[in-house]
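1. Quick one, structure for this:
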Amino acid sequence: MFEQLSDKFLASIKKLKGQGRITESNIEDILKEIRLSLLEADVNFKVVKNFLDRVKAKALGAEVLTSLEPSQQFIKIVHDELTVTLGNEPVFLDVKKSFNVIMLVGLQGNGKTTTSAKIALFIRQKLGKKPGLVSVDVYRPAAAEQLEILAKQNNIPYFPVDLKDSPLVRFEKAKVWAHANDVEALIVDTAGRLQIDEALMSELDELKKLADPSEVLLVADAMMGQQSVNVAQGFNQRLNLTGLVLTKVDGDARGGAALSFREVTGLPIKFLGVGEKVSGLEVFHPDRLAKRILDMGDVLSLVEKAQEVVSEKDARESARKMAKNQFTLEDFLSQIQSLKKMGGIESMLKFLPGFGEISKQMKSLSPPDDEIKKIEAIIRSMTPKERRDHRVLNASRRQRIASGSGTQVQDINKLVKQFEQMQKMMSQMMKMGPGAMKGLGKPRMPF
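-> Residues are numbered from 1 along each chain as shown. As a prediction, the model looks like this:
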C-alpha cells in the first residue's frame with residue numbers, strides 16, 4: 001500500500017546524506033517534498049501540517065548523535081513522528097467479559113462479511129475464546145449465505161438466521177443461541193449502504209442499544225483514501241465507534257486513510273485486512289507500519305508469522321539436522337510449504353529492512369515465488385529415496401525428474417549445486433553457534 005509514499009520519502013531524505021549536520025536550510029526543501037508526497041497520498045492536510053511541524057521542531061532542536069549521520073538522525077525523527085500520527089501504541093480487541101458482542105459496521109463493498117469471519121478466526125486462534133457469527137443484514141440475502149459458507153469452511157459456529165426476521169429479532173435469537181452454545185464472542189455482521197443515510201444509522205443505533213457491544217468496529221476501505229476518513233467521522237458521530245478495521249491494504253491504496261484516521265477521528269486502527277483469505281488479518285502496530293513506510297523492515301511481524309506456521313519443535317529439529325548436515329531435500333520441501341503458508345517469499349521479503357531498494361534491483365529477475373514453484377515441482381518429481389539422499393541422482397534420474405517436472409536437466413543440476421552449498425553454509429553456521437550471527441551487525445538504515 002505504501003510503496004509510492006515510501007519511495008518518495010526515502011528519495012527526499014537521501015538528500016541529507018553527506019551533510020555535516022541538520023540545519024533549517026538543508027531540510028526546508030526536504031520537508032516541502034515530504035509535504036507534497038503526503039498530500040498526493042491523500043493524507044488530510046491538517047495531519048500533514050501537524051506532522052511536519054513536529055518533525056521540523058524535533059530536527060532543529062535535536063542534539064547531534066555521534067553514532068548517526070544527519071540522514072539517519074532525520075529518518076529516526078520522521079519514524080517517531082509517523083508512529084505518533086498512527087497512534088503510538090497498538091489498541092487491542094476488548095473481549096474481557098465472559099460474553100462479548102462485536103458489531104461490525106460500514107458501507108457496502110468494504111469487506112464487512114469477510115472481516116467478520118477473519119475476526120472470529122483471530123479470536124479463536126490468538127485469544128483462545130470461542131467465537132460465533134451472525135448476519136443481521138436483511139437487505140442483502142447473499143450476505144448471510146456468504147457468512148455461513150465462510151463459517152463452515154473455517155469450522156466457526158454460525159447462527160442460521162430466518163431471512164424473514166428483522167435485524168433486532170435476528171440478534172435476540174442469536175444471543176440466546178450463543179449462550180446455549182458457550183460462545184464467548186458473538187460477531188455481528190450488519191447491513192451497509194452505498195452511502196451514509198438516516199435509515200441505516202437509526203437501525204444501527206437501535207441494534208447497538210439492544211446488543212450493548214464491547215466493540216463497534218468500522219470496516220473501512222483503504223482504497224477510498226480520505227473519503228474513508230469522512231465515512232468514519234459520520235459513523236462515529238452516531239455510534240461512538242471503538243475502532244477501525246482497514247481493508248484492502250495490499251492493494252494500490254496510497255496510504256492516506258491509514259495516516260489520517262487516528263489524528264482526525266481520535267479512533268485507533270485495530271486491524272489491517274490483507275487479501276481475501278480468512279487468515280489475512282493483522283493487528284495494527286503503529287511503530288511497525290512506520291518502519292515499513294521508511295523501508296526499515298518489520299522483523300517482529302515476520303517472526304510472528306513464522307511462529308504461526310512453524311512449531312518450536314519443528315524449528316529445533318530443523319536446526320539439529322542442519323548442524324549435523326542431515327538436512328534433506330524432503331526437509332527443504334517442507335520449508336517451502338511453510339513459506340507458502342506465510343504468503344510466499346515476495347510477501348516475506350517486504351518485512352526486511354531495505355526491501356524497497358532490493359525490489360528495484362530484482363525487477364529484471366524472475367519473481368522469487370516463480371522460482372520456488374519450479375523448485376517445488378522438481379522435488380515433488382523425485383522419489384522419497386532421492387529426496388532423502390540427493391547423491392543418488394545420476395544422469396538418468398535427473399532426466400526423468402526434468403521430464404516429470406516440466407523443467408530442464410540444467411535446472412536439476414542448478415538446484416542440487418545450490419542445495420549442497422546451502423547445506424554446507426548452514427552446517428558451518430550452526431556449529432559456530434549464536435556468535436556466527438554477530439558479523440551481520442545491527443540492522444542498517446535503508447541508506
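2. Helix, strand or coil: sort out Met103 for me.
-> At Met103 the chain is in strand, as set by DSSP: H, G, I helix; E, B strand; the rest coil.
3. Report the beta-bridge partners for it.
-> Val188, Val216 (DSSP bridges).
4. how about it, what does it touch?
-> 188, 190, 204, 207-208, 211, 213, 215-217 (CB atoms under 8 Å, 6 or more residues apart in numbering). Backbone N, C-alpha and C define where each C-beta goes, glycine included.
5. so what pLDDT did it get?
-> With respect to pLDDT, Met103 has a value of 98.
6. Next: Ile379.
-> 91.
7. From the contact counts, what lies against the stretch of helix or strand it belongs to?
-> Using DSSP states H and E, Ile379 sits in helix 368-380. Helices and strands touching helix 368-380, as assessed by 3 or more CB pairs under 8 Å, 6 or more residues apart in numbering; DSSP states H and E, comprise helix 329-341, helix 345-349, helix 395-405, helix 409-432.
8. okay, the angle between that helix and helix 395-405?
-> 120 degrees (axes from the mean of the first three to the mean of the last three CA atoms, to 10 degrees).
9. Could you chop the chain up by domain?
-> Residue ranges for the domains of the chain, per automatic domain parsing: 3-86, 100-294, 301-440.
10. among those domains, which is nearest Phe92?
-> If you check each of those against Phe92 by CB to CB, domain 100-294 wins as the nearest, at 7.1 Å.
11. what about the strands in the stretch 101-250 of the chain?
-> Here the stretch 101-250 of the chain has its strands, by DSSP state E, counting those that start in this stretch, at 131-135, 185-189, 215-221, 243-247.
12. want to throw those into TSV with mean neighbour count, distance to Met422 and mean pLDDT?
-> As requested, those are exported to TSV (neighbours: other CB atoms under 10 Å; distance: least, CB to CB, whole Å; pLDDT from 0 to 100):
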stretch	mean neighbour count	distance to Met422	mean pLDDT
strand 131-135	28	41	98
strand 185-189	27	44	98
strand 215-221	25	42	94
strand 243-247	26	38	93
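13. you'd agree Leu241 is up against Leu217?
-> Yes - under the criterion of CB atoms under 8 Å, Leu241 makes contact with Leu217 at 7.0 Å.
14. Could you pull out the residues contacting both of those two?
-> Val105.
15. Tell me, how many residues neighbour Lys152?
-> 10 (other CB atoms under 10 Å).
16. do you know how far the closest residue to it other than its chain neighbours is from Lys414?
-> Of all residues not flanking Lys152 in the chain, Tyr158 sits nearest, at 7.1 Å (CB to CB, 6 or more residues apart in numbering). According to CB to CB, to the nearest Å, Tyr158 stands 49 Å off from Lys414.
17. between these two, which one's more packed in?
-> More crowded of Tyr158 and Lys414, by other CB under 10 Å: Tyr158, with 23 against 15.
18. before we move on, the earlier item: the domains of the chain: which one's closest to Leu93?
-> domain 100-294 (6.2 Å).
19. can you tell me the distance between the two ends of the closest one?
-> With CA to CA, to the nearest Å applied, domain 100-294 spans 38 Å between its terminal residues.
20. Turn the domains of the chain into TSV, columns for distance to Asp94.
-> TSV is the format used below for these (distance: least, CB to CB, whole Å):
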stretch	distance to Asp94
domain 3-86	20
domain 100-294	5
domain 301-440	21
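21. quick revisit: send the alpha carbons of the helix holding Ile379 over as CSV?
-> The C-alpha trace of helix 368-380 is given here as CSV (Å, rounded to 0.1, in the frame of the first residue of the first chain):
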residue,chain,number,x,y,z
PRO,A,368,11.2,-15.4,-6.4
ASP,A,369,7.9,-17.2,-6.0
ASP,A,370,8.1,-18.4,-9.6
GLU,A,371,11.5,-19.9,-8.9
ILE,A,372,10.2,-21.5,-5.8
LYS,A,373,7.3,-23.1,-7.8
LYS,A,374,9.9,-24.6,-10.2
ILE,A,375,12.0,-26.0,-7.2
GLU,A,376,8.8,-27.4,-5.7
ALA,A,377,7.9,-29.2,-8.9
ILE,A,378,11.4,-30.7,-9.2
ILE,A,379,11.4,-32.0,-5.7
ARG,A,380,7.9,-33.4,-6.0
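22. Now the element after that helix, going C-ward?
-> helix 384-388.
23. got the contact list for that following helix?
-> With CB under 8 Å, 6+ apart, helix 384-388 has contacts from 328-330, 333, 379, 392-393, 397, 401.
24. Tell me which residues touch Phe235, please.
-> Here Phe235 is in contact with 105-106, 196, 201, 218, 241 (CB under 8 Å, 6+ apart).
25. Pull the number of nearby residues for the residue lying closest to Glu172 once chain neighbours are set aside.
-> Spatial nearest neighbour of Glu172, chain neighbours left out: Leu210 (7.3 Å); criterion: CB to CB, 6+ apart. The tally of other residues near Leu210 (other CB under 10 Å) stands at 14.
26. Report how many residues lie close to the residue nearest to Asn88 when sequence neighbours are not counted.
-> Nearest non-adjacent residue to Asn88, counting by CB to CB, 6+ apart: Pro286, 5.8 Å away. Other residues within reach of Pro286, judged by other CB under 10 Å, total 21.
27. cool, Val78 as well?
-> Other residues close to Val78 by other CB under 10 Å number 24.
28. How confident is the prediction for it, by pLDDT?
-> As predicted, Val78 sits at a pLDDT of 87.
29. Isn't it up against Leu294?
-> Yes - if you go by CB under 8 Å, Val78 and Leu294 touch, sitting 6.6 Å apart.
30. shared neighbours of the two, anything?
-> Phe9.
31. What number of residues are in the vicinity of Lys76?
-> 18.
32. So it belongs to a strand, correct?
-> No - Lys76: not assigned to a strand; according to three-state DSSP it is helix.
33. what's downstream of the helix or strand where Lys32 lies, the next helix or strand?
-> According to DSSP H and E, Lys32 maps onto helix 24-40. Using DSSP H and E, the next helix or strand after helix 24-40 towards the C-terminus is helix 45-61.
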